[in-house]
Structures are given as C-alpha cells and as structure tokens.
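*Asks:* quick one, structure for this:
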Amino acid sequence: MFLGTHTPRLDDKGRIFLPAKYRDELSEGLVLTKGQERCLYVFPQAEFGRITEALRTAPMTAKAVRDYSRVFFASASDEVPDKQGRVTIPPALREYAGLQRDCVVIGANTRLEIWDATAWDAYLERQEDAFSDASQEVLPGVL
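*Replies:* Residues are numbered from 1 along each chain as shown. Sure, this is the predicted structure:
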C-alpha cells in the first residue's frame with residue numbers, strides 16, 4: 001500500500017528519486033504510464049500484471065475498453081530504478097504530465113502517482129472541499 005505525499009525534483013536527465021520507503025518494493029522494476037488528470041501512474045510489476053489480466057478479460061467489443069487499453073499500454077514504460085533509487089521518466093510521459101522541475105509523488109493505495117507540483121496544488125484545491133461530501137458516495141457504509 002502506498003501512502004503519503006513526497007516532493008522530489010526532476011533532474012536534467014529526466015530522473016526522479018522514488019520515495020525511500022518504497023524503493024525496496026519497486027527495486028525489481030516498475031511500470032510508468034499515463035494516468036487520469038494528466039498525472040503518471042507508477043505500478044509495481046505485480047500490480048501492473050493484475051491490471052493487465054483484468055483488462056485481458058474485459059470485453060474487447062466494448063469501445064471504452066479498447067480505447068482505454070490502447071492509451072494505457074501504448075504509453076507504458078517498464079523501468080528499473082538505479083542504485084540511488086532514481087527512475088528515468090521517458091520524455092513523452094514527462095510532456096503528458098507537464099513535469100518540469102518540482103514534482104509531487106503521492107501514494108494512491110496500489111500505485112504511486114507523479115504530478116507536476118503546480119498541477120497537484122490546483123487539483124487538490126479543487127478537490128478538498130468535495131472530499132468530505134464524497135465519503136457517502138464513494139464508500140457507503142464504510143466511513
């Protein structure tokens with residue numbers, strides 16, 4: 001489970017330090033891909049495999065499944081962090097997410113998300129007021 005908010009910087013080579021507490025879990029490899037709201041998703045290999053299997057069994061006759069799968073897999077990049085815990089973000093993914101220098105890495109349960117710091121701040125500002133109202137809709141009877 002990935003939790004928390006971290007604020008690494010993108011270096012001149014397009015690399016970012018992964019949060020230290022998750023480096024062991026991601027040291028064997030990870031998959032970066034486009035996420036919703038112009039962030040990047042970072043999946044451990046096992047979680048990416050689980051999602052792949054779920055999409056494999058989804059009906060390919062459904063246009064939404066085909067469209068989502070195409071973008072999701074075409075933009076995916078498997079990476080292995082270096083010994084310092086850095087991972088290189090491919091240029092196309094950096095462009096998609098608008099990553100400049102200041103980034104935010106958030107824990108999002110089974111994945112990490114990488115955001116441009118300005119984009120994250122704007123997103124969070126828009127969502128925080130709705131957050132308290134959403135528990136009944138998103139988690140009825142849980143919270």
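*Asks:* what comes up buried for stretch 7-16?
*Replies:* Using 16 or more other C-beta atoms under 10 Å as the test for burial, stretch 7-16 gives 8, 10, 15, 16. In short, each C-beta sits where N, CA and C put it, glycine included.
*Asks:* residues making contact with stretch 52-65?
*Replies:* 66, 68, 69, 72 (C-beta atoms under 8 Å, 6 or more residues apart in numbering).
*Asks:* for the last one, report the pLDDT, please.
*Replies:* What it means is residue 72. pLDDT recorded at residue 72 is 95.
*Asks:* mind telling me what element it is part of?
*Replies:* helix 63-74 (DSSP states H and E).
*Asks:* check which helices and strands the helix or strand following that helix is in contact with.
*Replies:* On the C-terminal side of helix 63-74, the closest following helix or strand by DSSP H and E is strand 77-79. Here strand 77-79 touches strand 30-34, going by 3 or more C-beta pairs under 8 Å, 6 or more residues apart in numbering; DSSP states H and E.
*Asks:* neighbouring strands - and their directions - for the strand it packs on?
*Replies:* Strand 30-34 sits in its sheet next to strand 40-44 (antiparallel), strand 77-79 (antiparallel), going by DSSP bridges.
*Asks:* report the distance from it to the chain centre.
*Replies:* Distance of strand 30-34 from the chain centroid (C-alpha atoms, centre = their mean, to the nearest Å) equals 7 Å.
*Asks:* now swap in stretch 114-124 and tell me
*Replies:* Worked out by C-alpha atoms, centre = their mean, stretch 114-124 lies 13 Å from the chain centre.
*Asks:* rounded mean pLDDT for that stretch, please.
*Replies:* pLDDT averaged over stretch 114-124 gives 97.
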